[in-house]
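In: what's the 3D shape of this:
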Amino acid sequence: MEKPNSLTTAWYESLVPADTRAVRGQMFGHPCAYVNGNMFLGTFGQSVVIRVGAERAATLVTDTVRLFEPMEGRPWKEYVQVAADVLPDAEVVALAREALEHTARLPTKAEKKAAAAPKKAAAPKATPAPKKAAAPK
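Out: This next block holds a predicted model:
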């Protein structure tokens, strides 16, 4: 998937709500925003993806707004994908705010722990040497 160009990145930046809960980050090398560890807004190619919940997403799907499908046949049913200039900016800004509020109600996502270093294989236990038989008296 192509990375967003500077126009798409600037558009995305203008959509991120000015809210202390919104944390900027990346997913798959694309800029995105999280709340409580869950992504609610991001870029994908030259479009934005917005998490509004499965029911709401189904109501938004049109010829120009579609379910986000990062891999063919594997839609993320809670997200819609919107290309620039498809909807008025005010509507996309409202969807981004809606996404923040929707996603903020989801359970906080636990932080991923850093991958643990592989454990070394335990050294085999030494076999004790056989005891010498006692010398006869």
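
In: who touches residue 110 in this structure?
Out: residue 37 (C-beta atoms under 8 Å, 6 or more residues apart in numbering). No exception for glycine: its C-beta is placed from N, CA and C like everyone else's.

In: isn't there a helix covering residue 26?
Out: No - read with DSSP: H, G, I helix; E, B strand; the rest coil, residue 26 is strand and lies in no helix.

In: Would you mind writing the CA trace of the helix or strand of the chain with the lowest mean pLDDT as CSV?
Out: Every helix and strand in the chain was compared by mean pLDDT, DSSP states H and E; the lowest is strand 65-71, with a mean of 89. The C-alpha coordinates for strand 65-71 follow below in CSV (Å, rounded to 0.1, in the frame of the first residue of the first chain):
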residue,chain,number,x,y,z
VAL,A,65,-17.6,5.9,1.3
ARG,A,66,-16.7,2.2,1.8
LEU,A,67,-15.9,-0.2,4.6
PHE,A,68,-12.1,-0.2,5.2
GLU,A,69,-10.6,-3.3,3.7
PRO,A,70,-6.8,-3.3,4.2
MET,A,71,-6.6,-6.7,2.5
